[in-house]
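A.B. asks: take this sequence and fold it.
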Amino acid sequence: MACQCEFEEVDLAPLDAIIDDWRGKKGSLIPILQRAQEHYGYLPRAVIQHVAKRTKTPPNKVFGVVTFYSQFYLNRRGKYIVRQCDGTACHIRGSGKIIDSVERELGIKVGETTPDYKITYEVVYCLGSCGLAPVAVVNDRFVGRIGVDEMPRVLKELP
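C.D. replies: Next comes the predicted model:
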């Protein structure tokens with residue numbers, strides 16, 4: 001998980017409040033990073049460095065935690081996170097063609113974000129909704145039994 005971002009100026013005041021909430025508590029690094037990501041949407045380099053400094057944790061250790069856990073993101077993500085299932089039931093019912101059509105329509109590959117930061121497109125291998133196959137999740141909304149032409153249309157209609 002490489003950081004493709006440059007050093008960005010971010011308001012660190014909210015981060016200071018998050019860190020202060022966890023001051024002196026054992027095992028606080030992951031909860032601090034989780035709350036920071038909730039606030040910023042991802043973990044910019046400035047946030048990682050500030051967490052390291054304020055928690056007196058070596059920066060390489062903070063970076064190691066961020067890159068170890070798949071829940072953390074080093075790059076800015078879209079307003080809408082689209083997770084397309086490509087598990088067995090979805091794959092058999094055409095999710096591969098849906099993935100191809102969405103990549104063409106958005107002009108990005110799986111794992112990327114549109115240049116306007118509207119949509120981040122991901123593939124997952126089970127959403128636990130095989131009865132709705134092929135299925136995707138747009139933020140927290142399930143979209144089931146979608147066709148190859150329908151998913152790009154659903155994404156175009158996002159505000």
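
A.B. asks: from V65, how far out is G27?
C.D. replies: 11 Å (C-beta to C-beta, to the nearest Å). The way it works is simple: take the backbone N, C-alpha and C, and place the C-beta from them, glycine included.

A.B. asks: how about the helices of the chain, start to end?
C.D. replies: 13-21, 29-40, 45-55, 59-68, 88-92, 95-106, 150-156 (DSSP state H).

A.B. asks: got those as a markdown table, with mean neighbour count, mean pLDDT and distance to V124 columns?
C.D. replies: Converted to a markdown table, these look like this (neighbours: other C-beta atoms under 10 Å; pLDDT from 0 to 100; distance: least, C-beta to C-beta, whole Å):
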| stretch | mean neighbour count | mean pLDDT | distance to V124 |
| --- | --- | --- | --- |
| helix 13-21 | 14 | 97 | 28 |
| helix 29-40 | 17 | 97 | 19 |
| helix 45-55 | 18 | 97 | 26 |
| helix 59-68 | 15 | 97 | 19 |
| helix 88-92 | 17 | 97 | 9 |
| helix 95-106 | 18 | 96 | 10 |
| helix 150-156 | 16 | 92 | 14 |
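
A.B. asks: quick one: closest of these to R77.
C.D. replies: helix 29-40 (9.7 Å; C-beta to C-beta).

A.B. asks: so which residues make contact with that closest one?
C.D. replies: 10, 14-15, 18-19, 21-22, 43, 47, 51, 55, 57, 62, 65-66, 69, 71-73 (C-beta atoms under 8 Å, 6 or more residues apart in numbering).

A.B. asks: let's see that with 10 Å instead.
C.D. replies: 8, 10-12, 14-15, 17-19, 21-23, 25, 42-44, 46-48, 50-52, 54-55, 57, 61-62, 65-66, 69, 71-73, 76-77 (C-beta atoms under 10 Å, 6 or more residues apart in numbering).
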